[in-house]
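Asks: model the following, please.
(one chain, ligands or ions: 1)
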Amino acid sequence: MAKVTIVNDGVTLDVPDGARLLEYAKAGSGMLFGCESGRCGTCICRVVKGKENLIPRTQLEEQLCRHRDERLACQIWVKKGEIEIEY
Ligand code: FES
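Replies: Residues are numbered from 1 along each chain as shown. Got it, this is the predicted structure:
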């Protein structure tokens, strides 16, 4: 079970290893989502810690995210461990 802390909200979510962050973040944080398919950019966030504990960025993320530590939260699958994200 991974621990994903959403810094802005001050919450830590328990996310099963290998799971998509989307459903957990929607239910347990104030993160905003739009298309949920990596196209609108609404869910851009910054990985503060634990980037290595996430699957690598998708091609859509490479196109929409300007900085290396940015991700689209709807495209994040968690591998394991501790992760910190802010939006
Ligand atoms: S919700 Fe549209 S890119 Fe994530």
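Asks: quick one: average pLDDT of stretch 14-34?
Replies: Stretch 14-34 shows a mean pLDDT of 97.
Asks: number of nearby residues for the residue nearest to I76 when sequence neighbours are not counted?
Replies: Leaving aside its chain neighbours, I76 sits nearest to L21 (4.2 Å; criterion: CB to CB, 6 or more residues apart in numbering). (C-beta placed from N, C-alpha, C; glycine too.) Other residues within reach of L21, judged by other CB atoms under 10 Å, total 26.
Asks: show me where this structure has strands.
Replies: 2-6, 11-15, 44-49, 70-72, 82-86 (DSSP state E).
Asks: and the ligand, is the fourth one touching that?
Replies: Yes: applying CB under 6 Å from any ligand atom, one finds that strand 70-72 is in contact with the ligand at L72.
Asks: compare the strands of the chain and give me the one nearest T58.
Replies: Across the strands of the chain, the minimum distance to T58, taken as CB to CB, is reached by strand 70-72, at 7.7 Å.
Asks: list the contacts of the least confident helix or strand in the chain by mean pLDDT.
Replies: Every helix and strand in the chain was compared by mean pLDDT, DSSP states H and E; the lowest is helix 59-64, with a mean of 94. For helix 59-64, the surrounding residues in contact (CB atoms under 8 Å, 6 or more residues apart in numbering) are 38-39, 41, 44, 70-72, 75.
Asks: quick check: the farthest pair among these?
Replies: Greatest spacing in the contacts of helix 59-64, by CB to CB: R39 and E70 (15.4 Å).
Asks: helices and strands around the longest helix anywhere in the chain, which ones?
Replies: In the chain, with assignment by DSSP state H, the single longest helix is helix 21-28. When contacts are defined as 3 or more CB pairs under 8 Å, 6 or more residues apart in numbering; DSSP states H and E, helix 21-28 packs onto strand 2-6, strand 11-15.
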